[in-house]
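Q: Okay, predicted coordinates and the sequence, questions at the end:
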Amino acid sequence: MTLKPGSISELQESLSQSRRVAGVSLEAVAQLIEHVPEDMTATVQAGMSLADFQAHLAKAGQWLPIDPPNPEALTIGKLLANNLNGPRRFGCGTIRDWVIGMAVVLPDGRVIRNGGKVVKNVAGFDLCRLFVGARDTLGIIVEATFKLSPLLEAEAHLAKPCESLGQAEALLDKIWDSDLQPTVLDLHRIDGEQLTLVAGFAGPSADVEAQSGAASALGFADEVSLDYDARFRRTASSFISVAPGKLISTLQDLGDESFVARAGNGVIYHTSAKPTEAPSLELQQRVKEIFDPKGVLAG
């Protein structure tokens, strides 16, 4: 059974009476609860799309520095439940770095709240990090509070074609040894296209101009968009996560397959890759039994 509650209280009641729930649609639970620009925080219900949330924040010159594919169709709840990120992850971090509080409906219908609405919040155990990426198996995230960032004054994404993975590795070494501070550092080869390294820079206009000039000296010439990521990840549903130092050797093992790799983080999206190695299944099951002993939520 898939639930489509019209309110959080309706979701609570439905879960408390259910034996098994295959999924939950929160499209009717989609309000912006609070945005405090002077504190750079905002609280939103989980059914709002990421694109709508960003549009609200932009009116005050702020944004949530997360850029997963298809933000128009992606809700805040799914963003958190699946721990989704995009090319700017290297410079901006993951969604876990920006969430400071949340409300979760547990499988028995109870609501728990963790964190708060202030950035400096260190009281108690951080359950937010447990629920982020749990794919709605431990509870349903219904509300979240985020710290925010000012909208970028300037941004530039430059690309350099590479003849081989060896050349890409040498170029990456030059970037590590330089004073460059990229917010995007991706290596991709999609559908037989040329191997390409993308470096992005963001911040004050003068800084972006200076860093772009330094990158040009390394051979980055073409200004590009980041649409390759969303285009490729529509078909790449799994990923491999390795130490950044093992990125090139792992890509060599993949042969001629298409990929998009976060060269600074060691995350490789790939059409036939096996998912990253998960924690012990026994540990996962123990956590699941604590939060959902009756097996109400799928997973």
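A: Received it, and whenever you're ready, just let me know what you need.
Q: Please parse this protein into its domains.
A: If you go by automatic domain parsing, the domain ranges for the chain are 2-151, 154-270.
Q: Now the element after the helix or strand harbouring residue 169, going C-ward?
A: Assigned by DSSP states H and E, residue 169 belongs to helix 165-177. Next helix or strand after helix 165-177 toward the C-terminus (DSSP H and E): strand 184-189.
Q: Please identify the buried residues of that next one?
A: By neighbour count with 16 or more other CB atoms under 10 Å, strand 184-189 contains the buried residues 184, 185, 186, 187, 188, 189. All C-beta spots, glycine's among them, are computed from the backbone N, C-alpha and C.
Q: Also stretch 151-164?
A: Counting neighbours by 16+ other CB under 10 Å, stretch 151-164 gives 155, 156, 157, 158, 159, 160, 162 as buried.
Q: what would those residues look like in a markdown table with secondary structure, pLDDT and distance to residue 53?
A: Converted to a markdown table, the buried residues of stretch 151-164 look like this (DSSP: H, G, I helix; E, B strand; the rest coil; pLDDT from 0 to 100; distance: CB to CB, whole Å):
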| residue | secondary structure | pLDDT | distance to residue 53 |
| --- | --- | --- | --- |
| 155 | strand | 97 | 20 |
| 156 | strand | 97 | 25 |
| 157 | strand | 98 | 23 |
| 158 | strand | 98 | 29 |
| 159 | strand | 97 | 29 |
| 160 | strand | 97 | 34 |
| 162 | coil | 97 | 36 |
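Q: got TSV for these, with distance to residue 92 too?
A: Shown next, in TSV, are these (distance: CB to CB, whole Å):
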residue	distance to residue 92
155	12
156	16
157	14
158	18
159	20
160	22
162	25
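Q: and of those residues, the nearest to residue 268?
A: Ranked by distance to residue 268 (CB to CB), these are led by residue 162 at 15.9 Å.
Q: what about the strands in the stretch 101-250 of the chain?
A: For the stretch 101-250 of the chain, the strands defined by DSSP state E, counting those that start in this stretch occupy 111-115, 140-147, 149-150, 154-161, 184-189, 196-203, 222-223, 238-241.
Q: and residue 72, which of those strands is closest to it?
A: Between the strands of the stretch 101-250 of the chain, strand 140-147 lies closest to residue 72; by CB to CB that is 18.6 Å.
Q: which outside residues touch that closest one?
A: Outside of strand 140-147, the residues within contact range by CB atoms under 8 Å, 6 or more residues apart in numbering are 8, 11, 15, 24, 26, 29, 33, 40-46, 64, 76-77, 80-81, 98-105, 111, 115-117, 119, 131, 297.
Q: can I have that strand written out in CSV, keeping just the CAs?
A: Only the C-alpha atoms of strand 140-147 are listed here, as CSV (Å, rounded to 0.1, in the frame of the first residue of the first chain):
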residue,chain,number,x,y,z
ILE,A,140,9.2,9.1,7.1
ILE,A,141,10.9,12.5,7.1
VAL,A,142,8.1,15.1,7.1
GLU,A,143,9.9,18.4,7.9
ALA,A,144,13.5,19.6,7.7
THR,A,145,15.4,22.7,8.8
PHE,A,146,18.5,23.7,6.8
LYS,A,147,21.3,26.2,7.2
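Q: Give the pairing partners of that strand; include direction for each.
A: With DSSP bridges as the test, strand 140-147 is paired with strand 41-45 (antiparallel), strand 99-105 (antiparallel).
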